[in-house]
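Structure here, sequence nowhere to be found:
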């Protein structure tokens, strides 16, 4: 049970955690903190938070659980704002899509990894932003990856694990670098392709006509290109090494495909498409029992 | 009104046309033709077709409308099989995703463009195949692009236009080459990216884990990689020039993006993502009134 939860950044991710914990009866009081007064007022009106402040230091003062749900570029500032203002027993966790940068930010601000910091990443979300987009089922049957460090207090890890479980999530634990590589492949790279494709088409002369005749597959394929540009700029900068490596691997794959098309190599194309279809069908079969609903993603 | 419709290839596309015309009361009798007896029997059992034959020449003998819904690689053979077997007033149309190759096949087989051939392409479909996947609403509020040639009989064009309109589709007309360029950009290229991405990930050592932690965005993004590999091989080969050009344009875009990530150029990344988001949001706003349902695509 969480007595007082401080949510720094009451948007889709922070708001959905608050709603889910509230629905589960797993939290007593929720204080919100953020830059936009209008968003905070809306969050209070919606019952997502009980009260709010724009000062992170005040928000965390009496909190036993602190959830940082700000863009990665604002993470270091958030750590700096709460340093020395936390209760001794307060647990800090976050929802950042890249863990290496969050850990580096914490180290830079605190001078070491705080024992009660549990870096985390819920693999859930939608392309929408703000508290209006939040909903309590966002994390149900979704993975949450925690990346505890050698310094991490087992009790803090346990508390964060239970927090996410009470939202209906499946909690896994892995190494920081491993997390960032996996997410580079399955989330950050696809976002780059979607942003890149839409931008490439938008820059063509006939772009109006292109979009007019685009079908449902295009809509699904590019949905993630409607995601928040600032959040994605920060993710790219924070995970540039792994993402760069994945971009290179993908580029090699596309060179191979383009060459097969150029030389009219139907056998090669068929082999690639068959392998991809088998992998994708297998992936969908694998998740079907767990995630029957059509649900969008967060990085 | 169509007296006797011959559907060559009773799969998702051919089956859905048959179902839609039947529901609209726009056809009297439907004869199916294909390679798989089991699929044809299933189509008859489902009421999609009234009868079937495996011989295209027999299928078209008394038909006033012939719809070719075979993979592009089988189009030339289908033309050859029906040549000289058609009624004089029979209209031929097709559902091929590349029009240049269909026109070239027709010219090769018939020695000229038949006046009553109306090349066409319904921009609708799903990643599934076979008559079981067909449904009568597939074409409702979707675009169908017809690419009539100078040789095309206006009456034949009119009949095909009305056929698709009775399925609820919006019919547009454009030049063959223009069609193939547009589809290369909005359908064929995205399919290459989805196939390429899934294949690139499937070939990585840790692929099980990658797919396990992939979220809903990945599922949507890669849905089209579950499409029929043979159909896509044929599309690539048939549209290699336009597709090659689009792949090059996309590759340039990704080089630009990768370079910005490498040098940590947040402003450049933000500009790309903002432009893409604006274009994608505008595209979705544009289609929302017309296509409220979440629907998948055919190439």
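Thanks, I have the structure now. It should be emphasised that the depicted structure is a prediction, and the values quoted were computed from it without experimental measurement.

Around chain B, pick out the residues from the stretch 51-200 of chain A.
Selection of the stretch 51-200 of chain A residues close to chain B by Cβ under 8 Å from any Cβ of the partner chain yields A:123-125, A:127, A:142-143, A:145, A:172, A:182-183, A:185-187, A:189-200. Using the backbone N, CA and C atoms, a C-beta is placed for each residue, glycine as well.

Now do the helices in the stretch 1-150 of chain A.
Per DSSP state H, counting those that start in this stretch, the stretch 1-150 of chain A carries helices over the ranges A:12-23, A:37-45, A:56-60, A:75-82, A:99-110.

can you give me the strands for chain A?
Counting by DSSP state E, chain A has these strands, from start to end: A:2-8, A:27-33, A:51-53, A:65-68, A:91-94, A:117-118, A:120-122, A:143-146, A:170-173.

Strand partners (parallel or antiparallel) of the fourth one?
Using DSSP bridges, the neighbouring strands of strand A:65-68 in the sheet come out as strand A:2-8 (parallel), strand A:91-94 (parallel).

Buried deepest among these, which one?
Stretch with highest mean neighbour count among these: strand A:91-94 (a mean of 26; mean count of other Cβ atoms under 10 Å in any protein chain shown).

Now do the same for that strand: mean pLDDT, whole number.
On average, the pLDDT along strand A:91-94 is 98.

mind listing what the closest residue to residue A:61 other than its chain neighbours touches?
Distances taken as Cβ to Cβ, 6 or more residues apart in numbering or on different chains place residue A:85 nearest to residue A:61, at 6.1 Å, with adjacent residues excluded. Residue A:85 makes contacts with A:56-57, A:60-61, as judged by Cβ atoms under 8 Å, 6 or more residues apart in numbering or on different chains.

before we move on, what about residue A:227?
Neighbouring residues of residue A:227 by Cβ under 8 Å, 6+ apart: A:127, A:191, A:299, B:273, B:277.

Can you report phi and psi for it?
phi -70, psi 170 (degrees, to the nearest 10).

how much space between it and residue A:178?
Per Cβ to Cβ, to the nearest Å, residue A:227 is found 24 Å from residue A:178.

again, but for residue A:257
Distance from residue A:257 to residue A:178, by Cβ to Cβ: 28 Å.

more neighbours, the two?
Comparing residue A:257 with residue A:178 by other Cβ atoms under 10 Å in any protein chain shown, the one with more neighbours is residue A:257, at 24 against 15.

Low-confidence regions, chain A specifically.
Flagging of chain A using pLDDT under 70 yields the residue ranges A:286-299.

Domains in it, by residue range?
When chain A is parsed with automatic domain parsing, its domains come out as A:2-174, A:179-287.

Out of those, which gets nearest to residue B:235?
Proximity to residue B:235 (Cβ to Cβ) singles out domain A:179-287 among the domains of chain A, at 9.5 Å.

check contacts around the residue in the stretch 1-150 of chain A positioned nearest to chain B.
Nearest residue of the stretch 1-150 of chain A to chain B (Cβ to the nearest Cβ) works out as residue A:123 at 4.7 Å. By Cβ under 8 Å, 6+ apart, residue A:123 lies in contact with A:142-145, A:187, A:297-298, B:213-215.

if we can go back for a sec, any idea how far the residue nearest to residue A:61 lies from residue A:109?
Counting by Cβ to Cβ - residue A:85 and residue A:109 are separated by 12 Å.

From the contacts of residue A:85, list the buried ones, please.
A:56, A:60-61 (16 or more other Cβ atoms under 10 Å in any protein chain shown).

Format these as TSV; extra columns: distance to residue B:27.
Output for those, formatted as TSV (distance: Cβ to Cβ, whole Å):
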residue	distance to residue B:27
A:56	67
A:60	69
A:61	73
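
Of these, just say which sits nearest to residue A:231.
The nearest member of these to residue A:231, counting by Cβ to Cβ, is residue A:56 at 18.8 Å.

list the contacts for the closest one?
When contacts are counted by Cβ under 8 Å, 6+ apart, residue A:56 touches A:8, A:33, A:78, A:81-82, A:85.

Reformat the residues you listed as CSV; add distance to residue A:164.
Output for the contacts of residue A:56, formatted as CSV (distance: Cβ to Cβ, whole Å):
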residue, distance to residue A:164
A:8, 17
A:33, 20
A:78, 20
A:81, 24
A:82, 21
A:85, 25
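
In contact with residue A:34: list those residues for me.
Residue A:34 is in contact with A:8-11, A:40, A:52, A:54, counting by Cβ under 8 Å, 6+ apart.

So how do I select the buried members of the residues you listed in PyMOL?
The buried residues among these can be selected in PyMOL (16+ other Cβ under 10 Å) with this line:
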select buried, chain A and resi 8+9+10+11+40+52
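
Out of the contacts of residue A:34, which two sit at the greatest distance?
A:11 and A:54 (14.8 Å).

Quick one: distance of stretch A:108-116 to the chain centre.
Remark: stretch A:108-116 is offset 22 Å from the chain centroid, using Cα atoms, centre = their mean, to the nearest Å.

Same check on stretch A:24-31?
Centroid separation for stretch A:24-31 versus its chain: 22 Å, with Cα atoms, centre = their mean.

Buried residues, that stretch. List them.
The neighbour-count check on stretch A:24-31 (16+ other Cβ under 10 Å) flags A:26-27, A:30-31 as buried.

again, but for stretch A:195-205
Applying 16+ other Cβ under 10 Å to stretch A:195-205 flags A:195-202 as buried.

gap between residue A:105 and residue B:278?
Counting by Cβ to Cβ, the gap from residue A:105 to residue B:278 is 30 Å.

right, I mislabeled it, should have said residue A:11
On the measure of Cβ to Cβ, residue A:11 and residue B:278 end up 20 Å apart.

For residue A:98, list the residues it contacts.
Counting by Cβ under 8 Å, 6+ apart, residue A:98 touches A:72, A:180, A:183, A:235, A:238-239.

want to try TSV for those, with neighbour count as columns?
As requested, the contacts of residue A:98 are arranged in TSV below (neighbours: other Cβ atoms under 10 Å in any protein chain shown):
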residue	neighbour count
A:72	25
A:180	25
A:183	27
A:235	28
A:238	25
A:239	26
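
Of those residues, which is the nearest to residue B:221?
Proximity of the contacts of residue A:98 to residue B:221 was ranked by Cβ to Cβ; the top entry is residue A:183 with 14.1 Å.

surely that closest one meets residue A:239?
Yes - counting by Cβ atoms under 8 Å, residue A:183 touches residue A:239, with 7.2 Å between them.

who touches both of the two?
Counting by Cβ under 8 Å, 6+ apart, the contacts common to residue A:183 and residue A:239 are A:97-98.

since we're on the residue in the stretch 101-250 of chain A that chain B sits nearest to, how many residues are nearby?
When distances are taken as Cβ to the nearest Cβ, the stretch 101-250 of chain A reaches nearest to chain B at residue A:217, 3.0 Å away. For residue A:217, the count of nearby residues is 27 (other Cβ under 10 Å).
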